[in-house]
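A.B. asks: Give me a model of this one.
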Amino acid sequence: MTTQLRSAGSRRAAFFASILILGLAPLPFGSTDGLTQSLWTLVLAGVGLFVAIRGGVGGAARVIATTFAFTGAVVLYVLFHALFLMHRAPPGSEILIPVLTNGVEAAHGALLACQPVMAAALAFSLAAIAARPPGNLARLWDACVVTGTAFAAIALLQQVFMPGWIFWEAKSAYLSSLTLPFVNRNTAAAYYGMVALISLARISLVIDRRNRLPRLRILCLVIVLIAFFATVSRAGIVIFFSAMLCFALVSRRQLFGGVPAKWVWGGALSMLLIGLPVLAGRLAARFSVEGFLDDSRACVYEATLRGIKDFLPWGAGLGWFEWVLPAYRNIGCGISGIWETAHSFYLQGLFELGWPFLVAVAAFYVIAAVFILRVNSGSSGLTIKWAAVALLFAITAHNVIDFSLQIFGFTLPLSVVLGSAAGFLARGARSVSAPSRTSMLRHQGAMEA
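C.D. replies: As a prediction, this is how the structure comes out:
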């Protein structure tokens with residue numbers, strides 16, 4: 001009994017930590033400053049240590065072991081790279097790159113740059129533990145939908161009454177786009193796209209279980225979709241809406257009662273054609289003026305590729321992109337200022353960590369594919385699985401030409417959503433929702449009899 005109580009206590013701690021991430025990680029402005037990231041990493045490490053000491057990992061042990069083995073390998077390589085593989089700076093960048101007096105300082109900087117990776121692994125693992133008890137996955141995903149809807153409502157109100165502001169600060173860019181609670185529109189589009197996809201999955205599960213239309217959930221989905229379109233992010237809207245459409249097609253029996261696929265396609269395309277001019281008419285203007293890829297981003301890609309060529313096979317070092325890139329920028333492109341990201345997660349990873357980064361990415365997707373193919377799940381589990389697959393596809397595609405994965409305040413909630421799905425599926429899912437009080441009393445009476 002004592003062991004069971006200790007395990008229950010550790011799962012509750014993991015659950016509340018996951019709720020805290022979903023509600024607060026996007027604040028303030030995506031948690032992009034180093035101090036906020038350090039605080040989150042320390043808090044999650046403390047909760048993880050508490051859970052490890054008290055036990056309660058149980059069926060999620062294999063998922064957590066794989067997560068920490070993968071993350072540990074990445075961190076060890078980054079430290080090894082900082083100590084032994086960092087080499088000459090490119091010509092002309094000596095003034096921009098601070099002088100490292102020894103390898104220990106380089107390792108310290110690399111370890112700080114690894115904080116988002118470690119925090120994401122901790123959030124994923126805690127969510128996997130939290131999702132084990134019946135009903136907790138539904139509660140976690142509902143918390144994601146509620147917080148996302150709240151942010152969307154605040155963002156829409158501020159866009160109407162205080163345009164050009166994010167909470168209490170004036171915007172310095174993206175003045176006509178909805179970005180709250182983040183600074184840039186592409187991360188906002190990814191966040192609201194994720195929330196809309198999870199909301200769609202929860203609607204599917206509720207309709208499948210209760211066979212009635214959840215009006216309040218549909219209202220939340222509509223609010224989130226309005227905010228999603230109002231971000232005017234070209235890649236974010238196209239990719240995440242495609243993921244929602246694919247998920248709706250897979251789950252159409254639960255969502256639409258077996259409506260033929262052609263009607264689902266027709267309805268989705270109609271909503272897209274009607275919704276875009278009404279909710280985000282500026283998107284069409286952006287496509288007509290800039291195309292799918294604007295000139296400044298294309299210039300950064302060109303500079304990044306030239307840097308990659310010089311620094312292969314090992315890369316320039318994690319966290320060094322913004323210092324090294326100016327040496328490769330083409331003055332004729334007209335880009336200026338400090339570019340902290342390459343607007344492509346994969347290009348920047350190759351720039352900073354070389355070929356081993358691509359090996360790590362390939363290993364991650366192999367592990368994810370094996371897990372998805374091997375996991376056994378019922379009807380509810382299939383919905384969870386396809387929602388997670390659709391989300392993973394959208395994130396993968398979006399970060400080819402954007403950098404939402406590099407925004408700490410988005411990556412943590414994403415880790416909770418995917419971690420809770422992994423923990424739920426790993427235990428052999430039967431039902432997403434917790435058993436009702438009536439069914440529990442009946443079961444107890446049968447046991448006593």
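A.B. asks: what bits of the stretch 301-449 of the chain have low per-residue confidence?
C.D. replies: When residues are selected by pLDDT under 70, those of the stretch 301-449 of the chain lie in 332-338, 376-379, 428-449.
A.B. asks: Let me see the ranges of the helices in it.
C.D. replies: For the stretch 301-449 of the chain, applying DSSP state H, counting those that start in this stretch gives helices covering 321-324, 345-353, 355-374, 379-398, 408-426, 437-448.
A.B. asks: which one of those helices is the most hemmed in?
C.D. replies: For the helices of the stretch 301-449 of the chain, the stretch with the most neighbours on average is helix 408-426, a mean of 26; neighbours defined as mean count of other CB atoms under 10 Å. Quick note: C-beta positions are derived from backbone N, CA and C, even for glycine.
A.B. asks: what angle separates that helix from helix 379-398?
C.D. replies: Inter-element angle recorded for helix 408-426 and helix 379-398: 150 degrees (by axes from the mean of the first three to the mean of the last three CA atoms, to 10 degrees).
A.B. asks: So what's the gap between helix 408-426 and the chain middle?
C.D. replies: Counting by CA atoms, centre = their mean, to the nearest Å, helix 408-426 is centred 8 Å from the centre of its parent chain.
A.B. asks: just checking, what packs against it?
C.D. replies: Helices and strands touching helix 408-426, by 3 or more CB pairs under 8 Å, 6 or more residues apart in numbering; DSSP states H and E, are helix 2-24, helix 34-54, helix 61-80, helix 115-130, helix 136-161, helix 185-210, helix 355-374, helix 379-398.
A.B. asks: Just give me how far stretch 139-151 sits from the chain centre.
C.D. replies: Centroid separation between stretch 139-151 and its chain, computed with CA atoms, centre = their mean, is 14 Å.
A.B. asks: could you dump it to PDB, C-alpha only?
C.D. replies: Included here for stretch 139-151 are C-alpha records, laid out as PDB according to Å, rounded to 0.1, in the frame of the first residue of the first chain:
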ATOM      1  CA  ARG A 139      -7.300  16.000 -18.700                       C
ATOM      2  CA  LEU A 140      -3.900  17.000 -20.100                       C
ATOM      3  CA  TRP A 141      -5.200  17.500 -23.700                       C
ATOM      4  CA  ASP A 142      -8.300  19.400 -22.300                       C
ATOM      5  CA  ALA A 143      -5.800  21.700 -20.400                       C
ATOM      6  CA  CYS A 144      -4.000  22.300 -23.700                       C
ATOM      7  CA  VAL A 145      -7.200  23.200 -25.400                       C
ATOM      8  CA  VAL A 146      -8.400  25.500 -22.600                       C
ATOM      9  CA  THR A 147      -5.200  27.400 -22.300                       C
ATOM     10  CA  GLY A 148      -4.900  27.600 -26.100                       C
ATOM     11  CA  THR A 149      -8.400  28.900 -26.300                       C
ATOM     12  CA  ALA A 150      -7.800  31.500 -23.600                       C
ATOM     13  CA  PHE A 151      -4.600  32.700 -25.300                       C
END
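A.B. asks: Now do the buried residues in it.
C.D. replies: Residues R139, L140, W141, D142, A143, C144, V145, T147, G148, T149, F151 are the ones in stretch 139-151 that count as buried (16 or more other CB atoms under 10 Å).
A.B. asks: State the mean pLDDT of that stretch.
C.D. replies: Model confidence over stretch 139-151, given as mean pLDDT, is 93.
A.B. asks: Thank you kindly, that will do.
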